[in-house]
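sequence first, predicted model second:
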Amino acid sequence: MQLFKSVAQSWGKPRTLKALFEKGLLTVAAQPRNNALNPKAIGAERLYLFPVDHDYPGGSAAMHNAVFARFGMPCRAAFVIGDPANAGAIFEALKADPLYDGGGAGSGFKDKVAPFLDRLDASAQAIGSVNVIAREDGALVGYNTDGVGFVLGLLHEYPGCIAGRKIVVLGAGGTALPIAYELAQRSPSEIVIVNRTVDKAEKIAKLVAPFASARATGEDAMASALEGAGIVVNTSNKGAQPNEKFSAFAPMTGDVEGDMAVAKANLARLPKDAIVADILLEPSTLTLEMAAANGNPTHSGRHMNLFQAVPAFRIMTKMRDENLQAIMSAALK
């Protein structure tokens, strides 16, 4: 709270979307495909923005912009980088500017934006995390399609893979809960949340427990958690930038060689038929590379990215065209 006050006092409270860029609260991300946005030229299009805490190759903007281009819509989507500590100031300005028509919340923002929205859909209310934002009659409404998108993508690649299997979720950030929540609806035998901070993992396990057997454990017990697992889902940022030298199969201490040795030992406890999934969007992450080398089937985060994007786009724009998935899929190739 103190950080937010100091930022607001030193910069003055921004009142428009353009002012967020002028005052440095937002910058345009460089890595996402088809993400170009000129902050100085804002004004001709309705904007759908996705605030994130660091630059990474997200695919949502490219998918949405492909649809806008196909149908000649005067709209533009873009990933923008900001500090989640400034979420209040950012969303106050976005709400006040009619050019902002919604978008979403990416890395670092998903579990921070809810207090600054006007209301939450039942999905986001139950999960406590937001990845889609729509402007509805002037109000900003938060939704969550992450869990649904992950499960649909996983079942598309590996039909019938969830029921009866032990699932291990690595990490307890803003995406872990919606994924665990949706997996719990598909009759797994057990869900284990593994996180450095056990308290955060326990909160997720308690929310999931009414739907499936669930428990939490620390990273020091990762090896035993992986034993007998049928699916492992990495929801942490290990294995990709800026932590590309570290695997999700071990705690990240900063000792690259030591952490890798622990990761290999933990991975050796995982059954060879267990599916290893990652939500990160890089073409290949260290976690998936290690799993593939171990003989495990893998599942890229790009599946989730695609399968959550269609319902998200429909929420934001109310468009129901049946070709949305084909257009978006082509935009990712």
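Good, I have the coordinates. Numbers count the residues shown, from 1 in each chain.

the strand or helix carrying residue 308: what's the following helix or strand?
Using DSSP states H and E, residue 308 sits within helix 301-317. Using DSSP H and E, the helix or strand that follows helix 301-317 in sequence is helix 324-331.

which strands and helices lie in contact with that following helix?
When contacts are defined as 3 or more Cβ pairs under 8 Å, 6 or more residues apart in numbering; DSSP states H and E, helix 324-331 packs onto helix 60-70, helix 301-317. C-beta coordinates here come from the backbone N, C-alpha and C atoms, glycine included.

could you pull up the mean pLDDT of the helix holding residue 308?
In this model, helix 301-317 carries a mean pLDDT of 92.

now do that helix and helix 60-70, the angle between them.
When axes from the mean of the first three to the mean of the last three Cα atoms, to 10 degrees is applied, the directions of helix 301-317 and helix 60-70 differ by 50 degrees.

now distance to residue 226 too, for the helices and strands packed on helix 324-331, in CSV please.
Shown next, in CSV, are the helices and strands packed on helix 324-331 (distance: least, Cβ to Cβ, whole Å):
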stretch, distance to residue 226
helix 60-70, 31
helix 301-317, 20
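
I'd like the ones you listed laid out as JSON lines, including distance to residue 330 and mean neighbour count.
Formatted as JSON lines, the helices and strands packed on helix 324-331 follow (distance: least, Cβ to Cβ, whole Å; neighbours: other Cβ atoms under 10 Å):
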{"stretch": "helix 60-70", "distance to residue 330": "7", "mean neighbour count": "22"}
{"stretch": "helix 301-317", "distance to residue 330": "11", "mean neighbour count": "22"}
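
among these, which is nearest residue 323?
Closest approach to residue 323 among these is made by helix 60-70 (8.1 Å; Cβ to Cβ).

and stretch 207-227, how far out from the chain middle?
Remark: stretch 207-227 is offset 21 Å from the chain centroid, using Cα atoms, centre = their mean, to the nearest Å.

actually stretch 181-200, not the one I wrote
16 Å.

am I right that residue 76 is in a helix?
No. Assessed with DSSP: H, G, I helix; E, B strand; the rest coil, residue 76 is strand; it does not lie in a helix.

and it, bridged to which residues?
residue 47 (DSSP bridges).

how about the helices in this protein?
Here the chain has its helices, by DSSP state H, at 2-11, 17-22, 60-70, 87-96, 122-127, 146-157, 176-184, 198-208, 222-226, 256-267, 286-293, 301-317, 324-331.

could you check how far the closest residue to residue 37 other than its chain neighbours is from residue 299?
Excluding the flanking residues, the one nearest residue 37 by Cβ to Cβ, 6 or more residues apart in numbering is residue 78, at 4.1 Å. Applying Cβ to Cβ, to the nearest Å, the value for residue 78 to residue 299 is 27 Å.

more neighbours: which of those two?
Remark: of residue 78 and residue 299, residue 299 carries more neighbours, 25 against 22, as counted by other Cβ atoms under 10 Å.

the more buried one pairs with what?
Beta-bridge pairing for residue 299 (DSSP bridges): residue 277.

on that earlier part again, so which of the helices and strands packed on helix 324-331 is nearest residue 142?
Nearest of the helices and strands packed on helix 324-331 to residue 142, taken as Cβ to Cβ: helix 301-317 at 10.1 Å.

what angle do that closest one and helix 286-293 make?
Helix 301-317 runs at 130 degrees relative to helix 286-293, counting by the same axes, to 10 degrees.
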